[in-house]
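> Sequence below, structure please.
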Amino acid sequence: MDSEKNALSVGGYLFFTEKDAQLARTEEQRIAYLEERIDYSSPESIRYIYEKTIQERLFKTPIGINYLHKLRDFLLAQPEADPGSIMEIPLYITFDGGLRERTNPARERVAPSRKKDRDREKERFTISVFLNVMLVIAILAMFGICFASDQPNIVNYERAITDKYASWEQELTEREQAIRDRELELKLSE
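Numbers count the residues shown, from 1 in each chain. The predicted structure follows:
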């Protein structure tokens, strides 16, 4: 039981799941990384890091929240600090046992309404049906032109070629007959 408790304990907090404890360990690493590079002599850079971490939601566990609180206290301790201009630390959980929705509340406020989505979808469907009907009409018209045309094309080429060769064969037969008739006349006249 103690090893399980140690696996869930991070920074003096006992987390409910291993996943939460791992998230807290990751936040500890982020804090260590920031602390190595942070310049406390520049309140502007501290403010930038503070606001950026809040906007990016980098810290969600009590470990990260405590660090944000430390940065906020530092900013408030500055002589030129305006408490109203320093962002408050948002908490992404509710205290009745459930987690807050993972979506960004600001995005929900500016999200298009469901009615607009349905109207847009209905409009797209209508346009799609109209275009499909037009394409079917165009295809039928092309087949009609192909069948009605006297010129050989992919639809009637076999019939056209057969008719052409049949007419040549008939013409050749007529010429052969004319030549035989002429030969017979010449033999009789000799």
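
> For Arg72, give its distance to Asn66.
Going from Arg72 to Asn66 by CB to CB, to the nearest Å gives 11 Å. Every residue, glycine included, has its C-beta placed from N, CA and C.

> ok, now Ser85?
Separation of Ser85 from Asn66 (CB to CB) stands at 22 Å.

> which one of Arg72 and Asn66 has more residues nearby?
Arg72 (20 against 16; other CB atoms under 10 Å).

> what helix or strand is that one on?
helix 62-76 (DSSP states H and E).

> so what does that helix touch, helix or strand wise?
helix 18-37, helix 43-55 (3 or more CB pairs under 8 Å, 6 or more residues apart in numbering; DSSP states H and E).

> May I see the buried residues of the first one?
In this case it means helix 18-37. Along helix 18-37, these residues count as buried under the neighbour rule (16 or more other CB atoms under 10 Å): 20-21, 23-24, 26-28, 30-31.

> coming back round to it: would you format the helices and strands packed on helix 62-76 as a markdown table with mean pLDDT and distance to Thr173 included?
Formatted as a markdown table, the helices and strands packed on helix 62-76 follow (pLDDT from 0 to 100; distance: least, CB to CB, whole Å):
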| stretch | mean pLDDT | distance to Thr173 |
| --- | --- | --- |
| helix 18-37 | 89 | 93 |
| helix 43-55 | 87 | 93 |
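
> can you pull out the strands in this structure?
9-10, 13-14 (DSSP state E).

> before we move on, the earlier item: to Ile89, which of the helices and strands packed on helix 62-76 lies closest?
Of all these, it is helix 43-55 that lies closest to Ile89, at 6.8 Å by CB to CB.

> Show residues contacting that closest one.
34, 38-40, 59, 64, 68, 71-72, 74-75, 78, 80-81, 86-87, 89-90 (CB atoms under 8 Å, 6 or more residues apart in numbering).

> let's see it at 7 Å
Residues outside helix 43-55 that contact it (CB atoms under 7 Å, 6 or more residues apart in numbering): 34, 38-40, 59, 68, 71-72, 74-75, 78, 87, 89-90.

> Just give me the closest of the buried residues of helix 18-37 to Gly12.
Ala24 (10.3 Å).

> State the distance from that closest one to Glu35.
16 Å.

> go on, Lys19?
For Lys19 relative to Glu35 (CB to CB), the value is 25 Å.

> cool, Cys146 as well?
For Cys146, the distance to Glu35 (CB to CB) stands at 78 Å.

> Grab the longest helix from this protein for me.
Assignment by DSSP state H gives helix 114-148 as the longest helix of the chain.

> so for that helix, what's the average pLDDT?
Averaging pLDDT along helix 114-148 gives 90.
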